[in-house]
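1. model the following, please.
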Amino acid sequence: MTQTAATPAPHTRIEDAQAFALGTAMCALGVTMLTHLGLITGQTAGLAVLVSYGTGLSFGLVFFASTCRSIGWHGCGWGHGSRSKAFFVWGWCR
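-> Presented below is the predicted three-dimensional model:
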């Protein structure tokens, strides 16, 4: 007897908005705590922290610029990339 996997229902726009808002808030909280303690993280966020320390530019601006290619637009398509960047800018401007 074979079982077929059920296809998951697509997320609604409200679920997408909640996920992006929560993800943005958690990223901001984590980076704020690390930089307040004088620590840095790895990957793209750590590189953005180092560049912002060295140049005096805003962390948000450097992080946004450094992730434009790697998140969304490159692998997941324009729709996901545009939504990701819109919520990132929304969280940064708050």
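
2. state the pLDDT value of L22.
-> Note on L22: pLDDT of 90.

3. any figure for the gap between it and T67?
-> For L22, the distance to T67 equals 18 Å [Cβ to Cβ, to the nearest Å]. Using the backbone N, CA and C atoms, a C-beta is placed for each residue, glycine as well.

4. ok, the two, which is more surrounded?
-> T67 (18 against 11; other Cβ atoms under 10 Å).

5. start and end of stretch 34-44, how far apart?
-> End-to-end distance for stretch 34-44: 14 Å, by Cα to Cα, to the nearest Å.

6. mind listing what's buried in that stretch?
-> T35 (16 or more other Cβ atoms under 10 Å).

7. ok now that stretch, how far from the chain's centre?
-> Its chain's C-alpha centre and that of stretch 34-44 lie 15 Å apart, by Cα atoms, centre = their mean, to the nearest Å.

8. which outside residues touch that stretch?
-> For stretch 34-44, the surrounding residues in contact (Cβ atoms under 8 Å, 6 or more residues apart in numbering) are G30, V31, G46, V49, L50, F59, F63, S66, T67, S70.

9. the helices in this structure, which residues?
-> 13-36, 43-55, 59-67, 78-93 (DSSP state H).

10. and the longest one, which residues are buried?
-> So the one you mean is helix 13-36. Using 16+ other Cβ under 10 Å as the test for burial, helix 13-36 gives F20, T24, A28, V31, T35.

11. cool, and stretch 51-63?
-> V51, S52, F59, G60, V62, F63.

12. so the third one sits against A28, correct?
-> In this case it means F59. No. Checked against Cβ atoms under 8 Å, the pair F59 and A28 is beyond contact range at 9.6 Å.
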